[in-house]
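Visitor: The following comprises the amino acid sequence and a computationally predicted model.
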Amino acid sequence: MRRLLAASVAVSALALAGSAHAEGECGSTSAGWNAPNGAVVFDRGPGPIRDVLDAVGEYRTHSMLSHGPGASVTHATMNTPSQASWPGVCTKPMQGNDLRYGYPGLQQVNQGGIYMYMYGNGVGPEWTGWQQGDPAQAALIGDSIWYNHPFVTDVSRHDGGQTIDRPVRNGYRVNYSLFQYRDLQSAHQTPGDAVNSGMVCSTFMAYAHSYAGRGVVTPYTYSHAQIANASNSLYTGVYNQCKQSLGWFTNALLTVACPFYNVCGNAGNQVANCMSANMCDSSDSRYWKSVRDDPNATARSISPDRVGGWGVHPINNTTWGPDYSHQLQWNSGGNVYGCWQ
């Protein structure tokens, strides 16, 4: 989750060349993590998703399915959306399709890849942990996704010698869809489906739980007051990242490129529109504000905290929930090179 808007951009007044963050995509780890097969690994990292979850009183920002100490990992994530072309970037900073159909989406990477995903940007999460619950039941979840689920294999965008497996659903690659935070639809069920052929990290974990026959993870309904607060926080978070040249906007000379436009406001509107109304091509604030200001509007989703049974969420909703958070350590040995996209 936290990778959204987590890369750098170079902007000039004459041309804009959108590119993904190349630094920290591939690398090695000298030791693998200690999370058992089928455990869910959580972290808390920076970014717009954290702004949303903080606004509704939740803590964890990302969840991943471990296939064992030092083994591969299955999770759903999103890279930086590419820039819109000049001069449209001034009014609509991001490519709408990149924002709606987040890449890489659902993927399986090795320990080198997941280490670079978590720490390759030089910052890393402020907290990590894992929960397993019943070892046998958790292992069934890990094994079902690893051994039984259909997948396709892609070549890494950053190292042509590396491949990344991507589980498919209903015959299609699974994208990362911001709209899942507003309405997960039936993404958590088997076979299930959702707009944009999408999931996020925690709705994938719920799907894996169902796919392994461990039961349906029930969603949570967020009140109108909560989603109004979350909408405001999302817009403000993206806007502030832009104004302070943080995250995706590092080194972006937006005021030089677009001196007569509120580019940072447009960026905030575009992301808020995508999450609240699936209107990822527009920076018109009326879309997300119409949801924010509708007293009947709510959200129905599954968050990382709900997967782990924390806060207001019941511990018996998942196999992992009854467990406490164990410290994530990188101590299983080995030197593994890999890429996360």
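Guide: That came through, no problem. Since the structure is predicted, the reported quantities are computational estimates derived from the model, not experimental observations.
Visitor: tell me the secondary structure for the closest residue in space to Arg214 that isn't next to it in sequence?
Guide: The spatial neighbour of Arg214 that comes closest, neighbours along the chain excluded (Cβ to Cβ, 6 or more residues apart in numbering), is Thr319 at 5.2 Å. All C-beta spots, glycine's among them, are computed from the backbone N, C-alpha and C. Under DSSP: H, G, I helix; E, B strand; the rest coil, Thr319 falls in the coil class.
Visitor: now do Ser63
Guide: strand.
Visitor: Tell me the confidence at it?
Guide: Looking at Ser63, its pLDDT reads 98.
Visitor: Please apply the same query to Ala13.
Guide: pLDDT recorded at Ala13 is 23.
Visitor: State the number of residues packed around the residue nearest to Arg214.
Guide: Using other Cβ atoms under 10 Å, Thr319 has 27 neighbouring residues.
Visitor: for Asp293, same thing?
Guide: Applying other Cβ under 10 Å, we find 12 other residues in the vicinity of Asp293.
Visitor: residues contacting it?
Guide: Ala228 (Cβ atoms under 8 Å, 6 or more residues apart in numbering).
Visitor: picking up where we left off before, next, the residue nearest to Arg214: phi, psi?
Guide: The phi and psi values for Thr319, taken as degrees, to the nearest 10, are phi -60, psi -40.
Visitor: Tell me if I'm right that it and Ala136 touch.
Guide: No: applying Cβ atoms under 8 Å, one finds Thr319 not in contact with Ala136, separated by 9.6 Å.
Visitor: shouldn't Tyr324 be in contact with Gln131?
Guide: Yes: using Cβ under 8 Å, Tyr324 is in contact with Gln131, at 7.2 Å.
Visitor: Looking at these two now, which is surrounded by more residues?
Guide: Gln131 (25 against 10).
Visitor: For the stretch 1-150 of the chain, give me the ranges with low pLDDT.
Guide: Counting by pLDDT under 70, the stretch 1-150 of the chain contains low-confidence residues at 1-23.
Visitor: Run through the helices of it in chain order.
Guide: Using DSSP state H, counting those that start in this stretch, the helices of the stretch 1-150 of the chain run over 48-55, 96-100, 111-119, 135-143.
Visitor: Which among those helices is found nearest to Ser223?
Guide: Ranking the helices of the stretch 1-150 of the chain by proximity to Ser223 (Cβ to Cβ) places helix 48-55 first, at 11.9 Å.
Visitor: Put together JSON lines for the helices of the stretch 1-150 of the chain, with mean neighbour count and distance to Ala187 on each row.
Guide: Below are the helices of the stretch 1-150 of the chain laid out as JSON lines (neighbours: other Cβ atoms under 10 Å; distance: least, Cβ to Cβ, whole Å):
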{"stretch": "helix 48-55", "mean neighbour count": "23", "distance to Ala187": "16"}
{"stretch": "helix 96-100", "mean neighbour count": "20", "distance to Ala187": "15"}
{"stretch": "helix 111-119", "mean neighbour count": "24", "distance to Ala187": "22"}
{"stretch": "helix 135-143", "mean neighbour count": "19", "distance to Ala187": "16"}
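Visitor: could you dump those helices to CSV with distance to Ser156?
Guide: Output for the helices of the stretch 1-150 of the chain, formatted as CSV (distance: least, Cβ to Cβ, whole Å):
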stretch, distance to Ser156
helix 48-55, 24
helix 96-100, 18
helix 111-119, 9
helix 135-143, 23
